[in-house]
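Asks: My questions are about this predicted structure, shown below with the sequence.
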Amino acid sequence: MQDEFIPAAKRVSRELDLETLEAPLDVEATFGNTNPLELEIGIGKGLFLTNVAQVQPDSNFLGIEIRRKYLNVARDRVEKRNISNVRLICGEAFEFTERFLTPDSLTTIHVYFPDPWPKKRHHKRRLFGPDFIKLVHSRLLPGGQLLIATDHADYYEWITEVLENQTYLVPCDQLPEPPPNAEGLTNYEIKYQKEGRPIYRAGYKKP
């Protein structure tokens, strides 16, 4: 089925302005409902959010991306379609989650192809660490899930080690999979699979 695009003059902004946004985020006022809330950290060009929001209309989705040029692509992707259950943020994920999202507010946190910061001197910039896992645990509802995908073997080993040395989350059977009729989770996954790269996936949940 081909998308029917909304004319530019009739599009509604789906971006939240951090300069004017009050903390904590009023989710019901933001989305106009009390549906379950999911968060994607590092949305890139927004392919996953665009696809999943259309097949899960009874869930709300927040997507955060620190790079403005990618956020703009994602915003255009969302706003030109009839998608009302997505809101986008240009900002730093840890700070936003800690400041704007309340404890026990998320059903799922998606982290797909995060920057691996491959140089050893940059490892401290990696998202996954004890403080991040503690924050994830606090913001997930009981039974809520953290779903992870990466193509970077070294970073996957790092993530696995972090998760094996914590007591907040436990492994779950659910692994990240593309929404129905999607070629892949993200543009990165589509590209990497065509190149024959292995994709590493993991799923954890809050007990």
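Replies: Happy to help now that I have it.
Asks: any weak-confidence spans in this protein?
Replies: For the chain, the stretches with pLDDT under 70 are 1-2.
Asks: quick one, longest strand in this structure?
Replies: Secondary structure of the chain per DSSP state E: the longest strand is strand 140-150.
Asks: If you count contacts, what does that one end up packed against?
Replies: Helices and strands touching strand 140-150, by 3 or more C-beta pairs under 8 Å, 6 or more residues apart in numbering; DSSP states H and E, are strand 106-112, helix 153-164, strand 200-205. Placement of C-beta: from N, CA and C, glycine included.
Asks: A93: which of the ones you listed is closest?
Replies: strand 106-112 (8.7 Å; C-beta to C-beta).
Asks: Give me the contact list for the closest one.
Replies: Residues outside strand 106-112 that contact it (C-beta atoms under 8 Å, 6 or more residues apart in numbering): 36-42, 48, 59, 127, 136, 139-141, 144-150, 176, 185-186, 188-189.
Asks: and if we set it to 7 Å?
Replies: With contacts defined as C-beta atoms under 7 Å, 6 or more residues apart in numbering, strand 106-112 is touched by 36-42, 48, 127, 136, 139-141, 144-149, 176, 185-186.
Asks: Spell out for me which residue occupies the centre of this structure.
Replies: What sits nearest the mean C-alpha location of the chain, by C-alpha atoms, centre = their mean, is E40, with 1.0 Å.
Asks: in a helix, that's where that residue is, yeah?
Replies: No. Using DSSP: H, G, I helix; E, B strand; the rest coil, the assignment for E40 is strand, not a helix.
Asks: ok, G46 to K205 distance?
Replies: From G46 across to K205, the span is 25 Å (C-beta to C-beta, to the nearest Å).
Asks: Grab the nearest non-local neighbour of the residue nearest to the centre of the chain.
Replies: The shortest distance from E40 to any non-neighbouring residue, by C-beta to C-beta, 6 or more residues apart in numbering, is to H110 (4.2 Å).
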